[in-house]
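# have a look at this prediction, sequence included:
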Amino acid sequence: MSETTSGSDLDVGVQLYSVRELLATDRAATFAALAAGGIGFLEPYDVISDPGGLRADAEAAGLAIRSAHVKIPADLAELPALADTVAGLGADTLVVPRSEPAEWSTSADIGRVADRLALVIDIAAGAGLRVAYHNHHWEAGPLADGRSGLLELLAAAPSELLFQLDLYWAHVGGADVVELIRALGPRLHSVHVKDGPGIVEGDQTVLGRGVLGLAAMLAEVPASAARILEIDRCADPVLDVLVANRAALPAMDSRVSEVSS
């Protein structure tokens, strides 16, 4: 996670799911292109296949690995080895990328999610890692009482749980994203930044060409929360969109520096 800073000096990361197809073709070249486009760090989603090569290619490109998405196994006895792998990449945070939509129907359901996350926090701590939870649209949507599911998780989970707020999916889910950012406060570990039509099925776009109103959202995000670009799907070459998004981000977030030419 980025340290608290002042001025326009925050660096920017990329969630590697964005370039999943390119990684299968030439990971080293993809990392070099991201670095040339102004990216400072990476967030992997696959820590199992080749962790040693992943770290080596990242370091060769001058890119850090600060956090990683890890699918939590049904058998938590498998998690310590995964946590050790994440720590071996140089990361300090294990990000839980999702739970199932059916687990977010009621407050009782979310309480069970919180209980499982508490176990994950204890296991990850053994590897020196923090834990953050990443949302999709179903976690951000309102329960029967109108309260966001993420706010229910915030109240139910241990105080050690951090949050990685995907701004796009929170918007799609119907949350008041600005208020959600304020509510998460110091537990906001990072934000996934992307733009688009604001629907589940739709191509994402260059920042500023979609419906999100990212400037108002990012104005509320503390400097201590990392900015991580992500593209789930888009019609244009994804690497071009990520580089364009890195160039567009400073206009929406005054704490992010412009890309050096």
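Arrived safely, thanks for sending. Numbering: from 1, shown residues only.
# who's in contact with residue 105?
residue 143 (C-beta atoms under 8 Å, 6 or more residues apart in numbering). Every C-beta, even on glycine, is put in place using the N, C-alpha and C of the backbone.
# hmm, I was thinking of residue 172
Contacts of residue 172 by C-beta under 8 Å, 6+ apart are 137, 140, 198, 199, 200.
# out of those, which are inside strands?
The strands, defined by DSSP state E, take in nothing from the contacts of residue 172.
# are any of those residues buried, and which?
137, 140 (16 or more other C-beta atoms under 10 Å).
# what count of nearby residues applies to residue 138?
Residues near residue 138, counting by other C-beta atoms under 10 Å, number 19.
# whoops, residue 64 was the one
Count around residue 64 with other C-beta under 10 Å applied: 15.
# kindly report the same for residue 180.
24.
# just the buried positions in the helix or strand containing it, please.
Assigned by DSSP states H and E, residue 180 falls within helix 177-184. By neighbour count with 16+ other C-beta under 10 Å, helix 177-184 contains the buried residues 177, 178, 180, 181, 183, 184.
# OK, contacts around the first one?
For residue 177, the contacting residues are 165, 167, 170, 171, 212, 217, by C-beta under 8 Å, 6+ apart.
# again, 7 Å this time
167, 170, 171, 217 (C-beta atoms under 7 Å, 6 or more residues apart in numbering).
# which among the residues you listed gets closest to residue 78?
Among those, residue 170 lies closest to residue 78 (C-beta to C-beta), at 29.9 Å.
# wait, the closest one sits on residue 135?
Yes: counting by C-beta atoms under 7 Å, residue 170 touches residue 135, with 6.2 Å between them.
# ranges for the helices of the stretch 1-150 of the chain?
Ranges of helices in the stretch 1-150 of the chain, per DSSP state H, counting those that start in this stretch, are 20-36, 51-60, 79-88, 107-125, 137-140, 149-156.
# pLDDT on the fourth one, on average?
When you say that, I think you mean helix 107-125. Averaging pLDDT along helix 107-125 gives 97.
# mind checking how far it is from the chain centre?
19 Å (C-alpha atoms, centre = their mean, to the nearest Å).
# can you show me the CA trace of that helix as CSV?
Taking Å, rounded to 0.1, in the frame of the first residue of the first chain, the C-alpha atoms of helix 107-125 are listed here in CSV:
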residue,chain,number,x,y,z
SER,A,107,-27.2,-9.6,7.6
ALA,A,108,-26.9,-13.1,8.9
ASP,A,109,-25.3,-14.2,5.7
ILE,A,110,-22.8,-11.4,5.8
GLY,A,111,-22.0,-12.3,9.4
ARG,A,112,-20.9,-15.7,8.3
VAL,A,113,-18.7,-14.1,5.6
ALA,A,114,-17.2,-11.9,8.4
ASP,A,115,-16.5,-15.0,10.5
ARG,A,116,-14.7,-16.7,7.7
LEU,A,117,-12.7,-13.6,7.0
ALA,A,118,-11.7,-13.5,10.7
LEU,A,119,-10.1,-16.9,10.2
VAL,A,120,-8.3,-15.7,7.1
ILE,A,121,-6.9,-12.7,9.0
ASP,A,122,-5.5,-15.0,11.7
ILE,A,123,-3.8,-17.3,9.1
ALA,A,124,-2.5,-14.5,7.0
ALA,A,125,-1.0,-12.8,10.0
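# which residues sit against it?
For helix 107-125, using C-beta under 7 Å, 6+ apart, the contacting residues are 72, 76, 79-80, 83, 94, 96, 99, 103-104, 131, 133, 143, 149, 152-153, 156-158, 160-161.
# report the angle between the axes of it and helix 79-88?
60 degrees (axes from the mean of the first three to the mean of the last three C-alpha atoms, to 10 degrees).
# fine by me, we can end here.
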